[in-house]
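*Asks:* generate a structure from the sequence data that follows.
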Amino acid sequence: MNLALWIVAGLLAALALFGGATKALMPKDKLDELGRKSGGGWTEHAGASFVRTLGVLEILAAAGLILPALLDIAPVMVPVTAVCWILLMIGAMLTHTRYGQYKFVALNFFYLGAAAFVAWGRFGPESFTA
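*Replies:* Just a heads-up that it's a prediction; the model follows:
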């Protein structure tokens, strides 16, 4: 179970790092164009600072899912970060629903489930603090 939690947390962290770096570092016009090509495009309706803030939050989530446990510094932050990721995914699902992007809603629901697994496992049976 511990190994599964590490793998899921690592995959979520990689996803968060990639998505966050894209949002935080890519010029907004390029991000808008990429969104149109992929069927997304929600960034066209959002301000550049909002999109960059989401990107920074995703990068922080990537760090929070791995580093506290890896460095054994406040490892309780791993499940707390997973809960924060759940909240972020709920927001993403609402946004994609508003724009009729249901394939992204389903994808975000999958990410939400993975984060819920990490939160449950690290708060419960495989807690770092027990």
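
*Asks:* all contacts plus neighbour counts: C-alpha atoms, from now on.
*Replies:* OK.

*Asks:* out of the helices and strands in the protein, which is least certain?
*Replies:* Least confident helix or strand of the chain, by mean pLDDT, DSSP states H and E, is helix 28-38 with a mean of 84.

*Asks:* show me the contacts for G55.
*Replies:* G19, G20, A21, T22, K23, A24 (Cα atoms under 8 Å, 6 or more residues apart in numbering).

*Asks:* hang on, the earlier thing: hmm, who's touching the least confident helix or strand of the chain?
*Replies:* Applying Cα under 8 Å, 6+ apart, the external contacts of helix 28-38 come out as T22, K23, G41, W42, T43, E44, A48.

*Asks:* state the distance from the fourth one to L12.
*Replies:* Taking Cα to Cα, to the nearest Å as the criterion, W42 is separated from L12 by 22 Å.

*Asks:* those two: which is more packed in?
*Replies:* A count of neighbours by other Cα atoms under 10 Å puts L12 above the other of W42 and L12, at 23 against 18.
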